[in-house]
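Student: Prediction below, plus the sequence it came from.
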Amino acid sequence: MKKQQIQNLLPFSLAPAFAGVMVWYYDIYVNWNSSIFPFAVAASSLAFLALAFSVIWPGKEKLGKKCLQIFALLLSYAAVLLGLSILINNVIYDNKRPGASVAMRFVLPLLALLVILLLIKPWRALSRKTKRGMAISLVVLACGFVLFMAIPANIPINAGEFVSKPEVPVEVEKNFSIEGFSIIYGPGAGVTEIAAAGILADTLSEITEDEFIAGEAAPTGLKEILVRSTADLGSNGYRIMARGESIVIEGGQRGVVYGAYRFLEKYFDCHWYTADLRVIPRGPAMIAQVVDEQFIPPFEYREMDMLSRADVTFSAANGLNGNNYRTMPEELGGTFGYNGLFCHTIINLFLRPDEFFDRHPDWYAWREDRNERVPRQLCLTNPEVLAQMIVEVRNQLEYGNGQPIVSVTQDDNEDFCQCAECKRVDEEEGSQAGTMLRFVNAIADDIKDDYPDALIDTFAYMYTRRPPKYMKPLPNVIVRLCSVECCFAHPLGDSDCAVNAEFAADLKGWSEISGNLYIWDYTTNYAFYNCVFPNFGVLQANMRFFAGHNVRGVYAQGNYQAAECDSEFAELRGYLLARLLWNPDIDYYAEMDGFLRAWYGGGWQYICEFIDLITANAGADKPHNKMGIYINPRENDLLNLTAKQIAYADTLWEKAIELADDETREHNVLRSRLSWRFWKGCNRVAEFDRWKLPPFRWPAASEQLYNDFIAFGITRFSEEFMLEPPTHWWGTPDSWRAWGKR
Ligand SMILES: [Zn+2]
Ligand SMILES: [Zn+2]
């Protein structure tokens, strides 16, 4: 090989090598965007062709030169487009930083490739036209780059833009004195009436610093608060009435307790925000005129699993009654819920494979793809399976915890039975809910006479979500419909969001055939617990949608592991969900404001505005995919914020920290801000931006964020993963995870 040929070889081999290195670099460290891949492949291929033609096949140098020219032209056009896109991005589209960052990924390799081409050899080989094109493209590219660097990461935005919400003092005339009132219940009162009277007496004593006493007495109608039970409001309803000089609070089994809390909330502005944070304002024993009110909650079963879930006072004050996360004492009305496990029971509680699979493999699901029985679901048309399940369910009812609902629910996988008979039924019914519902109905029918109050619960979940064509649930069957596939940037009833429209159709289908429709809803990001999840705009709309479609019970599943990772708005979300479960028509934003004020202190309005900002932009990605419950923070940027909005959001948090009343509130603000910093880190914006001066501050920002997670006691990353320090700080925080136990 001649020296000349080696010289020829050099640029051509450098170019693909460089492209390869850049792809590798971006893939690993810079959140590689797949759109760079076709470009790298095209560039590498052309370079290799040029190499092949000019070196390996003598006499084809002309073709090699042609390839090289096309290659150079391609680079020039790409450079012009990129330069323009950065200019447009920065200047016209309000500097939408994440988009600009994506564009920046192309700039460095392009610049480097052009420089290599120009420096080493081919300049002389190019035509004048090509040279001119390359020169222009370099200038445009350089302009775009300079402008990009010139705009600071944190654009100082005058926080004066912030307009605080006018706090209109609610002028309620308090002209009714309850000073000296006795709190009474009649002879033979039940434990919940006595407890409700006690709650009133204790809290009124605390408010007024006078002594209110609860006791049994015959009503006189004079200066008393009478607590009594009534049969006409179900077990959850209550009624508050003014009767002459006295007040009557009455309700069902636990409704009378709810009535007492409602009275304190409405007339004395008392709130039970979390297990540890209650607000009991001090003041005289004066209230506004009592206006008669009556309320029966639309949901008989109300379950929520966030941080304060186990606290009985929080649960009673906010109306939670499910039994999965709390044991309510009888005097607070006890619980209403599940006998045994409340989900995935068919093989985890009842027909356990370790007990039955060896002896009865034909009880389990036949899978076509594996051509064998798998112990992951049951064969629901096998009569022996039904017979054994009836035995198991009867045992549960006989020896279980006495709760009315027995759950007969599929396991958490898609391995439903595909044997000939199961397949036939499912095809006939147009859904795997066909075999499931026939199976569950048969159990419900068998037990109904011996256990008239019992309910058999099953899922409409994943493959059983669509209602069957013919089969209808029996009156003692609960169908629990799960929204796992849905978008939570848009309300479930929003027909413009495709995934939600499908769910809404299934919900309407079930509500037409089921008298006991329950919902298992999802309210957090299970793959990224520590990232902001902007679903505050849908919580109320969804709960109203359920209530409006005959739903009788809701489990609002949230971050049930928040004890290990409460960096997002776990407490706020828990409170709002409890309130909405009780009454979907509450004044949602007033409830939120009240919580924020109590939890974050003086700077609460700034956090309120932050929530408004992320809520307003949720689901604004175009074309819209979905904001699912496993969404990566980088997907469609999740929050859809411009650089200006990002910088502004930073100032909102700064303000909230500055104005927090005390250490506890400041701690609350700082902890919630972690989820915002996590999102920024994942999206390489603000202090995590790689392209801003001083250089290389993003690794330090990442390390600081990780250390703060640890300092705030956060040890969990997601439902499946624990928080784990990375080997270096160049990556984004979405990689700080290690396999962990649930
Ligand atoms: Zn089968
Ligand atoms: Zn959507």
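Tutor: Right, received. Where do you want to start? Ligands and ions are numbered 1, 2, ... in the order given.
Student: All the helices of the stretch 151-300 of the chain, residue numbers only.
Tutor: Secondary structure of the stretch 151-300 of the chain (DSSP state H, counting those that start in this stretch): helices located at 191-208, 255-268.
Student: deepest of these, which one?
Tutor: Most buried of the helices of the stretch 151-300 of the chain by mean neighbour count (mean count of other Cβ atoms under 10 Å) is helix 255-268; its value is a mean of 24. All C-beta spots, glycine's among them, are computed from the backbone N, C-alpha and C.
Student: how about it as PDB, C-alpha atoms only?
Tutor: Only the C-alpha atoms of helix 255-268 are listed here, as PDB (Å, rounded to 0.1, in the frame of the first residue of the first chain):
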ATOM      1  CA  GLY A 255     -72.500   7.900  60.000                       C
ATOM      2  CA  VAL A 256     -73.100   9.500  63.500                       C
ATOM      3  CA  VAL A 257     -69.300   9.700  63.900                       C
ATOM      4  CA  TYR A 258     -68.900  11.300  60.500                       C
ATOM      5  CA  GLY A 259     -71.700  13.700  61.400                       C
ATOM      6  CA  ALA A 260     -69.800  14.800  64.500                       C
ATOM      7  CA  TYR A 261     -66.600  15.400  62.500                       C
ATOM      8  CA  ARG A 262     -68.600  17.300  59.800                       C
ATOM      9  CA  PHE A 263     -70.100  19.600  62.500                       C
ATOM     10  CA  LEU A 264     -66.600  20.400  63.900                       C
ATOM     11  CA  GLU A 265     -65.200  21.000  60.400                       C
ATOM     12  CA  LYS A 266     -68.100  23.100  59.100                       C
ATOM     13  CA  TYR A 267     -68.800  25.300  62.200                       C
ATOM     14  CA  PHE A 268     -65.300  25.400  63.800                       C
END
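Student: What is the helix or strand containing residue 722 packed up against?
Tutor: Taking DSSP states H and E as the criterion, residue 722 maps to strand 721-723. Using 3 or more Cβ pairs under 8 Å, 6 or more residues apart in numbering; DSSP states H and E, the elements in contact with strand 721-723 are helix 698-711, strand 737-739.
Student: By mean pLDDT, show me the worst of the ones you listed.
Tutor: For the helices and strands packed on strand 721-723, the bottom mean pLDDT is recorded on strand 737-739, which sits at a mean of 86.
Student: partners of it, with directions?
Tutor: Partner strands and pairing direction for strand 737-739 (DSSP bridges) are strand 721-723 (antiparallel).
Student: Now the strand it pairs with: average pLDDT?
Tutor: Mean pLDDT, strand 721-723: 95.
Student: ok, and what's touching that strand?
Tutor: Strand 721-723 has contacts (Cβ atoms under 8 Å, 6 or more residues apart in numbering) with 530, 565, 706, 709-710, 714-717, 736-740.
Student: which residues touch residue 297?
Tutor: Residues in contact with residue 297 (Cβ under 8 Å, 6+ apart) are 236-237, 319, 581-583.
Student: which one of these is nearest ligand 2?
Tutor: Of all these, residue 581 has the smallest distance to ligand 2: 23.0 Å, by Cβ to the ion.
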